[in-house]
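> Please find the sequence and the predicted model below.
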Amino acid sequence: VDASASRARKGGMADDARAPAEAPPPATTTPEVREEEEEFVPTLWTVSDDADAADDAGNLPDEPAPAAAAAAERESSPDPSTLVPMSKNARKKLAKREAFLQKKAAKRAKEKEEKAARGAMLKEEHQKKLQALSAEEREAYETEQREKRERRKREANDAKTKKQASLQSKRGVVVDLEFGHLMDEKALKSLAKQLSFCYVANCRAATPCRLYLTGLTGAMGEVVERCCSGMANWAVIASEKPYIELLAEQKSKLVYLTADSENELTAFSEDDVYVIGGIVDRNKHKNLTLDKANAQGIRHARLPIRDHLKMTGSHVLTVNQTLDIAHAQMELGDWAAALDRAVPTRKRKAGEMEEDGEKGGGEEDGGDDDGGDDGELSE
């Protein structure tokens, strides 16, 4: 047996020596997938046979969830080349702004809770008060409350009637809002606030005017609509058109109030419509309203402030302060008294009161303070 096995081994070795060497197996065309790679994105060659077999219709299988998430992340990530680096001051301002908004939201939430708690407490106290009253006392209390409600209702109706009556007033005042392109966001908001003051003052005035707000387009219109709450219900004539188009038939009656005019206004006439320039310019645009009036071929005039009042500081009045002067002069018929009532004390120069109660000297201009080439008081 051992001899036979030895001969067989020798014969096999001889056959191996005579047989040609076998070629190595061909390299696979499937790329090797290394586990150490950070991210693996499958291709058509690396999809498993099981995934191919899952769709008999020949459609490609869905992309695996990890790869889809990675692709979505790449798409949503901003291009580093388009990012603008923020300076240290910009980051501080942004952080300060975010902290302010958070604090403001927390404060409002707290105020809302306190208001609700206060309302609940008052309601409970009211119920206790009613329970402690006798039948006669309760009836008298209810009668008193009913009379109060009726009185408030009458006052509200009277105020509404007065507001609507202002639209029929013979005296017209226009606030020219066609200067929005010359103001930034802050100035636009300041002017919108002044318009709110103008409307409230006109509603309360003894001699209300027919108030026009013209040129409400672009940024001006957007800011006014956003900042002037309830403007849709205001008793005013608001229009996107320029006043020169809206009042084309009354062009001969238009008088632009500007401090740059050489014509001094003696009194407000019921036959004329007065235009106040609505702009917060800090006196940067010289002769703006005067040049506009001349270009449109309408009259212009200035208020006689320098004859009755000496002002200090910037010598500037706002749009609503100019309207207050007009209201006071229409009611009192006296410039000195009107200016004394309408011009804030902070704008007056101390120690300049004359014996007759009038201010001497002075210069008027507008468009600052809180804004407004105040129509008469332009720069």
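Done, it's in.

> For the stretch 251-379 of the chain, give me the ranges with low pLDDT.
Counting by pLDDT under 70, the low-confidence segments of the stretch 251-379 of the chain come to 282-283, 312-316, 349-379.

> all helices of it, in order?
Counting by DSSP state H, counting those that start in this stretch, one finds helices in the stretch 251-379 of the chain at the ranges 288-296, 319-332, 335-342.

> Looking at the ones you listed, which is nearest to Thr161?
Closest approach to Thr161 among the helices of the stretch 251-379 of the chain (C-beta to C-beta): helix 319-332, 18.9 Å. Backbone N, C-alpha and C define where each C-beta goes, glycine included.

> Residues touching that closest one, excluding its own?
Applying C-beta atoms under 8 Å, 6 or more residues apart in numbering, the contact partners of helix 319-332 are 171, 173, 175, 191, 194-195, 197-198, 201-202, 205-209, 257, 267-268, 274, 276-278, 303, 317, 335, 337-339, 341-344, 366, 369, 371-372, 374-377.

> what's near enough to touch Ala205?
Here Ala205 is in contact with 327, 331 (C-beta under 8 Å, 6+ apart).

> and the next element down the chain from the strand or helix carrying Lys123?
Taking DSSP states H and E as the definition, Lys123 sits inside helix 88-132. For helix 88-132, the following helix or strand on the C-terminal side (DSSP H and E) is helix 135-166.

> just checking, what packs against that following helix?
For helix 135-166, the packing partners by 3 or more C-beta pairs under 8 Å, 6 or more residues apart in numbering; DSSP states H and E come out as helix 185-204.

> what lines up beside the helix or strand just after the helix it packs on in the sheet?
Next helix or strand after helix 185-204 toward the C-terminus (DSSP H and E): strand 210-214. When pairing is defined by DSSP bridges, strand 210-214 lines up against strand 172-176 (parallel), strand 237-238 (parallel).

> Okay, buried residues for stretch 216-236 please.
Neighbour-count burial for stretch 216-236 flags 216-217, 220-221, 223-224, 227-228, 231, 234-236 (criterion: 16 or more other C-beta atoms under 10 Å).

> Show me what it is in contact with.
Under the criterion C-beta under 8 Å, 6+ apart, residues 163-164, 166-167, 177-181, 183, 185, 188-189, 191-193, 195-196, 199, 202-203, 211-213, 238-240 lie in contact with stretch 216-236.
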